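*Asks:* for reference, the sequence and a predicted model appear below.
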Amino acid sequence: MRTTIMLIFLCISTLSFSQVKEFIVEDLYVINSKVNACEGKMASDLYSKTNDWINYTYLNPDNVIKGKVENDFIRFKGSKKDFYIDEIMGQVLVSFDLIYVFKIDFKDDKYRLALESYDIIEVTGNHKLTLASLVKDGEIDDTLPYYYSFKRNLLKEINELNTSLYDYISGKKETQEDDW
């Protein structure tokens, strides 16, 4: 009995203090920043690893980085082609790309990843869908046909970026493939 109670206590305490490394999007206006703990890493190490991650992840890293202060922050701009595609029977009706700007702030043992801005651009019609175009009577109109798809895809994209960066910093992702 004592062992069972001790195991339950350990499980609850472990789970209650774990840090979720996923973003939560309540609506397309409210996307909170995410703080990720990296125990034993100095701000300078986190900055250096993040800079390496950008060089590894993006084709033209010099064009992607929009601002940086060594050991303090990095701001970068990226895009996701075919962020959302609406098709019927294999025929593309409308296609959207995502352009985003993230800022990463560094402190000892942690970094904060914040989505500063994003645009969803319709490729087929060549016009930009912004948050303002989703607003009706001062509030987001969640009855618009693409709202929930955008929300789901945006959450997926930023969580994938966050996980990729976290895995790179913590050494879980190999940068070189040895099977060539």
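*Replies:* Thanks, I have the structure now.
*Asks:* which residues of this protein fall in helices?
*Replies:* Using DSSP state H, the helices of the chain run over 2-16, 43-57, 61-64, 147-169.
*Asks:* same list as before, these that is, but in TSV and with distance to residue 35 included.
*Replies:* Where C-beta positions appear, they are placed from N, C-alpha and C, glycine not excepted. As requested, the helices of the chain are exported to TSV (distance: least, Cβ to Cβ, whole Å):
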stretch	distance to residue 35
helix 2-16	17
helix 43-57	12
helix 61-64	23
helix 147-169	11
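*Asks:* rank these by pLDDT, which is bottom?
*Replies:* Confidence, taken as mean pLDDT, is least for helix 2-16 of the helices of the chain (a mean of 45).
*Asks:* looking at the helices of the chain, spot the one closest to residue 31.
*Replies:* Within the helices of the chain, the stretch nearest residue 31 is helix 147-169; the backing value is 7.3 Å (Cβ to Cβ).
*Asks:* elements contacting that closest one?
*Replies:* strand 25-27, strand 34-37, helix 43-57, strand 73-88, strand 91-107, strand 110-122 (3 or more Cβ pairs under 8 Å, 6 or more residues apart in numbering; DSSP states H and E).
*Asks:* separation between the nearest residue to residue 173 once chain neighbours are set aside and residue 121?
*Replies:* Spatial nearest neighbour of residue 173, chain neighbours left out: residue 167 (4.2 Å); criterion: Cβ to Cβ, 6 or more residues apart in numbering. Residue 167 sits at a distance of 29 Å from residue 121 (criterion: Cβ to Cβ, to the nearest Å).
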